[in-house]
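Trainee: coords please:
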Amino acid sequence: MFKIINFLLFVIVAFLPFKSLEAVEVKGLYQASIAIESQNSHDRARALKKALAAVMLKVGGQKSVLNNQVIKQSLKNYGAYLSQYRYHVKPLQLAEKSSKDKQLFLLASFNEEKINQLFQQANLPLWGSLRPQILLWLIDEQGLTRTIMSNASESNLPVKVNEFSTQRGLPILMPLMDLTDANSVAISDIWGRFQQPIIAASKRYFAEAIIVMRISNSSLVTMASESELGATNVLVPTDCGLLCEQAQAIEQPYVLDWSLIDVSTAQGQQQFSQQYQGDNPQVLLQQGLDDITELIYQRYALSATNQNNLVIEVANVDSLATYVEVFDFLTNLSSVNAVTLLSAKGEVRRFNLDLLGSVDAWLASLRLNKQLQQYIDPLAKFDEPLAPANGESSVPVFYWGN
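Mentor: Numbers count the residues shown, from 1 in each chain. Coordinates of the predicted model:
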């Protein structure tokens with residue numbers, strides 16, 4: 001019996017790292033900073049319209065929200081949603097510098113309640129402010145040299161990553177590439193997308209998902225077929241006479257691909273992308289991050305219209321104060337429309353949750369917060385569905401912890 005208890009404790013503890021991941025509460029979802037040429041009324045109107053579109057994209061999560069007719073119409077009436085705006089000047093970063101070192105920006109803030117109501121009117125999903133932390137291992141291959149990018153790298157690529165993170169409201173970390181990272185994982189492990197060493201090296205960053213992205217102008221390019229790269233990238237004869245009859249490339253193409261490791265599951269599921277080809281690595285980086293954001297969004301977005309009811313039990317409510325904490329926590333979740341107490345028996349409280357969106361989306365967003373954790377039967381399959389196969393109703397059990 002003692003051995004069985006020890007085994008069960010071992011299995012439960014083995015699952016704890018997957019339940020202790022922390023999300024990031026994204027600030028400034030309803031404001032945007034737009035580059036502007038001057039403070040005249042014409043430039044200001046264009047910038048405010050762009051700022052509202054940027055907010056819609058951050059709140060909505062998907063580019064497709066900007067094609068919605070209700071959203072399109074709201075952009076024409078940006079003043080109805082505007083709370084305040086101001087101008088500010090900031091130095092340009094490496095990727096932005098051209099003939100000047102500073103740029104004028106307009107920072108606009110919009111009314112959160114009105115924006116959310118607009119999404120409901122448009123039947124569009126909302127993405128809450130609690131969002132998954134993403135760790136990006138980005139390798140840049142130039143010829144025979146491979147470099148793992150960090151924020152300290154002398155490259156435009158980290159700048160673009162940080163800009164994208166701000167613009168889309170997706171928390172993206174890049175590794176520090178200090179001695180700890182250098183001793184934890186090899187470039188060949190990252191390049192080869194070997195899951196175990198990558199997950200081990202990433203634990204210090206407490207990420208919900210890990211991205212491995214490779215940009216190359218050499219080895220990955222040879223893997224892409226001539227038809228994929230297009231006519232502008234094939235080898236052609238040069239016009240240099242008999243002394244030079246060999247072919248040379250008109251333009252040096254780049255290839256990018258990525259893989260996404262979801263470390264919130266027991267096995268760490270990994271998903272691979274197709275290859276992206278082009279002549280500008282920053283454009284390819286933008287395309288890759290766009291697709292990754294859409295993928296992550298699909299897991300955590302909340303429907304503004306389709307509501308579902310879910311009955312849950314919280315098992316360790318041992319006082320009135322704890323009950324108030326649990327009730328307030330459930331009520332304040334952006335994925336929950338309303339909470340109703342159904343029953344109280346001992347330390348167990350049963351609640352009915354009126355959800356915004358699916359149960360799966362609620363569970364995915366809940367994994368980002370470690371205060372309320374679902375009880376997992378160590379003898380059952382790890383990702384067992386809430387509803388059993390025999391069709392009988394199932395009430396998931398959760399534990400409250402600070």
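Trainee: So which elements touch the helix or strand encompassing Pro158?
Mentor: Assigned by DSSP states H and E, Pro158 belongs to helix 156-168. In terms of contacts (3 or more Cβ pairs under 8 Å, 6 or more residues apart in numbering; DSSP states H and E), helix 156-168 is packed against helix 41-60, strand 134-142, strand 172-173, helix 281-300. The C-beta positions use only the backbone N, C-alpha and C, and glycine is treated the same way.
Trainee: and the first one, C-alpha only, in CSV?
Mentor: In CSV, the C-alpha atoms belonging to helix 41-60 read as follows (Å, rounded to 0.1, in the frame of the first residue of the first chain):
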residue,chain,number,x,y,z
SER,A,41,-5.1,67.8,-38.8
HIS,A,42,-4.8,65.7,-41.9
ASP,A,43,-1.9,63.7,-40.6
ARG,A,44,-3.5,63.4,-37.2
ALA,A,45,-6.8,62.0,-38.7
ARG,A,46,-4.8,59.3,-40.7
ALA,A,47,-2.8,58.4,-37.6
LEU,A,48,-5.9,58.0,-35.4
LYS,A,49,-7.5,55.8,-37.9
LYS,A,50,-4.4,53.6,-38.1
ALA,A,51,-4.2,53.6,-34.3
LEU,A,52,-7.8,52.3,-34.0
ALA,A,53,-7.1,49.6,-36.6
ALA,A,54,-4.0,48.6,-34.6
VAL,A,55,-6.1,48.3,-31.4
MET,A,56,-8.8,46.2,-33.2
LEU,A,57,-6.0,43.9,-34.3
LYS,A,58,-4.5,43.5,-30.8
VAL,A,59,-7.9,42.9,-29.2
GLY,A,60,-9.2,40.7,-32.0
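Trainee: Let me see the domain layout of the protein.
Mentor: As assigned by automatic domain parsing, the chain contains the domains 24-121, 132-300, 306-400.
Trainee: Including mean pLDDT, mean neighbour count and distance to Val26, could the helices and strands packed on helix 156-168 go into JSON lines?
Mentor: Listed next are those as JSON lines, based on pLDDT from 0 to 100; neighbours: other Cβ atoms under 10 Å; distance: least, Cβ to Cβ, whole Å:
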{"stretch": "helix 41-60", "mean pLDDT": "96", "mean neighbour count": "19", "distance to Val26": "8"}
{"stretch": "strand 134-142", "mean pLDDT": "97", "mean neighbour count": "21", "distance to Val26": "12"}
{"stretch": "strand 172-173", "mean pLDDT": "96", "mean neighbour count": "20", "distance to Val26": "11"}
{"stretch": "helix 281-300", "mean pLDDT": "91", "mean neighbour count": "18", "distance to Val26": "12"}
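Trainee: So which of these is nearest Ala344?
Mentor: helix 281-300 (31.1 Å; Cβ to Cβ).
Trainee: one step back: with distance to Leu353 as extra columns, can I get the helices and strands packed on helix 156-168 in JSON lines?
Mentor: Converted to JSON lines, the helices and strands packed on helix 156-168 look like this (distance: least, Cβ to Cβ, whole Å):
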{"stretch": "helix 41-60", "distance to Leu353": "22"}
{"stretch": "strand 134-142", "distance to Leu353": "27"}
{"stretch": "strand 172-173", "distance to Leu353": "30"}
{"stretch": "helix 281-300", "distance to Leu353": "17"}
